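Peer 1: I need the structure of the sequence given here:
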Amino acid sequence: MFDSPRSAVVPTPVSQARAGATRAASIALAAGVVCIGFSAIFVRVSAVPGPVSAFHRMLVASLILVPWWLARPGARPSRRDVLLIVAGGACFALDLALWNSAVMLTSAATSTLLANNAPLWVGLGSLLLFGERLPVTFWLGLLVALTGTTILVGADAWRELHLNTGDLLALTANVFYAGYLLITQDVRARVGTIAFTAISALACGSVLLAVNLVTGTRLTGFAAGTWAALLGLGLVTHVGGWLAINYALGHLRAAIVSASLLGQAVVTALLAVPLLGEGLYAGQLAGGLLVLAGIHIVNRRGVERRREHHG
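Peer 2: Take a look at the predicted model:
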């Protein structure tokens, strides 16, 4: 008698659909990273206070996303989910206000370096708060990516680091950024992308409006170039970038998404060459390749969320 061959593993329709959704989420995440790579450039070109540029970013996004969401048929999110989205939006508002301010107060290299601690906090938060065990490849890939980011922004970032106001703002922004990703990672599995992004933008914009009103910051009367940069910040960075990223958050783990967002530094460095006239040196290219290699390692295993989800 001949031994019967091992039965081939035939993918089920459910597994095929899940794999297809994961691939689509990965592609959306890559597109989102490219879009948010323009963020620091738009903020610099706008040349307005951080909370102001952050508010107009959300205003533009809300004017597009909220009517889009309300015009769509289907069930509305539960009250609990709305509260979680609002809480996440508040964290994101504080992150943007602090980060945009840091970009204007400290060097781009230093602010970029300090902003890249968020994946570490998200990874630790996923472990300690949710008991989510991430594979060794995540931590290895994160280490490689963070090393690449350090090389990418250059040794000057460390030499310039004196924990001035801009540096402290960038560090604090990290905490709120990680909080946004951790608070919303579960609700994104239950709420559609358009609804989630619209409610988040509305909540975020409301907090930023309050911040600007309390501080008495001027919100109008800017030059045409400033308005163009603010429009780009809302359309490209938020509507384009965060729609894609929020879609990915509905299908991929928050820790994986946050680590993949390290690619923003690579995109920004490449865009700064033609748009801001900055140079790009061999060391920076090597650092960028390390960042991309680290993101690849992070995404090799365990990228899919462990629970059912929809987009």
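Peer 1: per-residue pLDDT, Ala8?
Peer 2: Reported pLDDT at Ala8 in the predicted model: 48.
Peer 1: these two touch, right, Gly294 and Thr150?
Peer 2: No. Gly294 is beyond contact range of Thr150, at 11.4 Å (criterion: CB atoms under 8 Å). C-beta: built from backbone N, CA, C; applies to glycine.
Peer 1: Which one's more surrounded, these two?
Peer 2: Legend: neighbour count by other CB atoms under 10 Å for Gly294 and Thr150, higher for Gly294 (25 against 18).
Peer 1: Could you tell me the end-to-end distance of stretch 219-230?
Peer 2: 11 Å (CA to CA, to the nearest Å).
Peer 1: Give me the distance from that stretch to the chain's centre.
Peer 2: Going by CA atoms, centre = their mean, to the nearest Å, the spacing between the C-alpha centre of stretch 219-230 and its chain's C-alpha centre is 24 Å.
Peer 1: Only the buried residues of it, if you could.
Peer 2: 219, 222, 226, 229-230 (16 or more other CB atoms under 10 Å).
Peer 1: max-length helix in this protein?
Peer 2: helix 79-105 (DSSP state H).
Peer 1: sorry, back to before: right, and the pair among the buried residues of stretch 219-230 with maximum separation?
Peer 2: Leu219 and Ala229 (14.7 Å; CB to CB).
Peer 1: could you say what helices and strands the longest helix of the chain packs with?
Peer 2: Under the contact criterion of 3 or more CB pairs under 8 Å, 6 or more residues apart in numbering; DSSP states H and E, helix 79-105 touches helix 39-46, helix 50-70, helix 108-115, helix 165-184, helix 193-215.
Peer 1: mean confidence for the third one?
Peer 2: It stands for helix 108-115. pLDDT averaged over helix 108-115 gives 60.
Peer 1: CA atoms only: put the one helix or strand Leu292 maps to into PDB for me.
Peer 2: Element membership of Leu292 [criterion: DSSP states H and E] is helix 282-298. Extracted as PDB, the C-alpha positions of helix 282-298 are listed here (Å, rounded to 0.1, in the frame of the first residue of the first chain):
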ATOM      1  CA  ALA A 282      24.100  59.000   1.900                       C
ATOM      2  CA  GLY A 283      23.700  58.400   5.700                       C
ATOM      3  CA  GLN A 284      20.100  59.600   5.400                       C
ATOM      4  CA  LEU A 285      19.400  57.200   2.500                       C
ATOM      5  CA  ALA A 286      20.900  54.400   4.600                       C
ATOM      6  CA  GLY A 287      18.700  55.400   7.600                       C
ATOM      7  CA  GLY A 288      15.600  55.500   5.300                       C
ATOM      8  CA  LEU A 289      16.300  52.000   4.000                       C
ATOM      9  CA  LEU A 290      16.600  50.700   7.600                       C
ATOM     10  CA  VAL A 291      13.300  52.300   8.500                       C
ATOM     11  CA  LEU A 292      11.600  50.500   5.500                       C
ATOM     12  CA  ALA A 293      13.400  47.200   6.400                       C
ATOM     13  CA  GLY A 294      12.100  47.500  10.000                       C
ATOM     14  CA  ILE A 295       8.600  48.100   8.800                       C
ATOM     15  CA  HIS A 296       8.800  45.100   6.600                       C
ATOM     16  CA  ILE A 297      10.000  42.900   9.600                       C
ATOM     17  CA  VAL A 298       7.100  44.300  11.700                       C
END
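Peer 1: so how far is that helix from its chain's centroid?
Peer 2: That offset, for helix 282-298, works out to 18 Å (CA atoms, centre = their mean).
Peer 1: Run through the neighbouring helices and strands of that helix.
Peer 2: helix 136-153, helix 254-260, helix 263-276.
Peer 1: If we use 6 Å, what do you get?
Peer 2: Helices and strands touching helix 282-298, by 3 or more CB pairs under 6 Å, 6 or more residues apart in numbering; DSSP states H and E, are helix 136-153, helix 263-276.
Peer 1: Let me know which of the ones you listed is tucked in deepest.
Peer 2: Each of the helices and strands packed on helix 282-298 was scored by mean neighbour count; the highest is helix 136-153, a mean of 20, by mean count of other CB atoms under 10 Å.
Peer 1: Alpha carbons of it, as CSV, please.
Peer 2: Presented in CSV, the C-alpha positions along helix 136-153 are these (Å, rounded to 0.1, in the frame of the first residue of the first chain):
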residue,chain,number,x,y,z
VAL,A,136,9.3,39.0,18.6
THR,A,137,9.4,40.2,15.0
PHE,A,138,7.5,43.3,16.0
TRP,A,139,10.0,44.3,18.6
LEU,A,140,12.9,43.4,16.3
GLY,A,141,11.4,45.4,13.4
LEU,A,142,10.6,48.3,15.7
LEU,A,143,14.3,48.4,16.9
VAL,A,144,15.6,48.4,13.3
ALA,A,145,13.1,51.1,12.3
LEU,A,146,13.9,53.3,15.2
THR,A,147,17.6,52.9,14.6
GLY,A,148,17.0,53.9,10.9
THR,A,149,15.0,56.9,12.0
THR,A,150,17.8,58.1,14.3
ILE,A,151,20.2,57.8,11.3
LEU,A,152,17.7,59.5,9.0
VAL,A,153,17.3,62.6,11.0
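Peer 1: Fine by me, we can end here.
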